[in-house]
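Visitor: I would like the atomic coordinates for the input below:
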Amino acid sequence: MRRLAAVVLTGTALLSGCATGDDSGDPLQVAATLEPATPAESPQVTATPEGTVLPMRAASAVAVLPGYVAVALADPPSVSLHPLDNLAAPRVVPLPGRAERLVVSGDAVEAPVPGSGVVVTVRSDGTSSSRPVDGGPVDVALVGGKAVVARRDAKSLDVAGQAVTGVSSPDRLVAVGDHAVVLDRPRSAVFDVDLGAEPKLGAGLRAGEGATTAVADRFGRVLVVDTRGGELMAFSVRPLIMRQRFPLPGAPYGMAYDERRDLLWVTLTERNEVVAFDVAGGEPVERHRYATVRQPDSVAVDPGSGRVFVASGDGQGMQVIGS
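Guide: Sure, this is the predicted structure:
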């Protein structure tokens with residue numbers, strides 16, 4: 001397989017290298033019209049998906065919390081809670097609108113619902129509560145004891161009640177210890193966030209041609225997939241520096257990190273595959289590659305058993321890989 005090329009650049013060098021004819025004045029913008037990358041439309045399945053497949057409606061997100069796997073369903077909007085010891089007997093909790101993200105918080109998941117202006121907390125016992133958040137909440141994180149909410153419509157972050165502006169579309173939040181990084185999909189860029197007494201946006205770097213998803217690993221890095229450009233990237237924080245780039249064809253999209261095994265799972269929506277990389281060393285090493293259900297937009301991993309859950313975005317079910 002092709003090996004990783006490590007990249008160590010200063011922010012100034014990378015920013016100055018991003019101006020490619022656009023006259024917007026934004027060094028992170030490469031085109032006059034910004035179009036965020038989306039999952040590739042998957043072809044029909046030609047290989048038998050690995051493991052087992054549970055029937056399920058179209059899913060927009062999947063996450064594993066203690067004892068359960070939670071799936072955000074689109075129609076009707078809801079969260080389906082599946083006990084890990086009996087996946088076929090879920091408890092369904094309705095949502096006021098579609099959630100595109102589920103964030104684990106203790107024994108619950110938080111489901112931002114941008115169309116309804118709320119963040120819904122769904123607990124493992126099936127109870128739920130919601131809190132209003134104006135501006136189209138799409139992601140949440142607890143960073144250094146502060147609640148951070150990405151508000152896409154408001155083009156800002158809410159940091160413990162204080163607004164942080166300067167990002168055109170805060171689509172994903174990543175907590176790296178006491179630091180936060182936000183991914184702007186239309187600009188395909190990442191920014192660090194100063195969470196001091198007066199929170200503000202920090203340095204920004206381009207992240208390929210169409211970055212969509214990001215996770216943190218236990219080494220303090222932010223791992224980002226470029227769906228449009230077919231790459232996996234690694235950024236350090238404080239300072240924000242791109243450290244690694246690795247070619248990953250197949251329109252990578254969904255991501256999940258197994259901290260116990262140092263495995264990064266990435267779905268390839270253009271190929272109906274999921275691939276796992278060992279990221280403990282200086283470069284990722286492919287360990288597993290499996291055929292999936294059609295449109296594998298979401299993936300999660302159970303840190304205890306190592307089981308992997310791949311959820312289809314067009315109603316082809318949830319795939320369970322591993323015992």
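Visitor: was I right about Leu81 contacting Leu87?
Guide: No. Counting by Cβ atoms under 8 Å, Leu81 stays clear of Leu87, with 10.4 Å between them. C-beta coordinates here come from the backbone N, C-alpha and C atoms, glycine included.
Visitor: which one of these two has more residues nearby?
Guide: Legend: neighbour count by other Cβ atoms under 10 Å for Leu81 and Leu87, higher for Leu81 (22 against 16).
Visitor: and the more buried one, bridged to which residues?
Guide: Ala70, Arg91 (DSSP bridges).
Visitor: Without its sequence neighbours, what residue ends up closest to Asp85?
Guide: Closest residue in space to Asp85, ignoring its immediate chain neighbours: Gly67 at 7.8 Å, by Cβ to Cβ, 6 or more residues apart in numbering.
Visitor: residue contacts, that neighbour?
Guide: By Cβ atoms under 8 Å, 6 or more residues apart in numbering, Gly67 lies in contact with Pro83, Leu84, Asp85, Asp107, Ser124.
Visitor: Which stretches in the protein count as helices?
Guide: Here the chain has its helices, by DSSP state H, at 11-16.
Visitor: Poorly predicted segments of it, please.
Guide: 1-33 (pLDDT under 70).
Visitor: Distance of the most centrally placed residue in it relative to Val148?
Guide: Centroid check for the chain by Cα atoms, centre = their mean gives Thr213 as the closest residue, at 3.8 Å. Thr213 sits 18 Å away from Val148, taking Cβ to Cβ, to the nearest Å as the criterion.
Visitor: and what of Ala175?
Guide: Taken as Cβ to Cβ, the span from Ala175 to Val148 is 8 Å.
Visitor: if we can go back for a sec, quick one: contacts for the residue nearest to the centre of the chain?
Guide: Residues in contact with Thr213 (Cβ under 8 Å, 6+ apart) are Arg172, Leu183, Val224, Val225, Thr227, Tyr253, Gly254, Met255.
Visitor: okay, among the contacts of Gly67, which ones form the most distant pair?
Guide: Asp85 and Asp107 (15.6 Å; Cβ to Cβ).
Visitor: more neighbours, the two?
Guide: For Asp85 versus Asp107, neighbours defined as other Cβ under 10 Å are more numerous around Asp107 (12 against 8).
Visitor: And the more buried one, its phi and psi?
Guide: Main-chain torsions, Asp107, degrees, to the nearest 10: phi -100, psi 30.
Visitor: That one touches Pro66, doesn't it?
Guide: Yes. With contact defined as Cβ under 8 Å, Asp107 and Pro66 form a contacting pair (5.4 Å).
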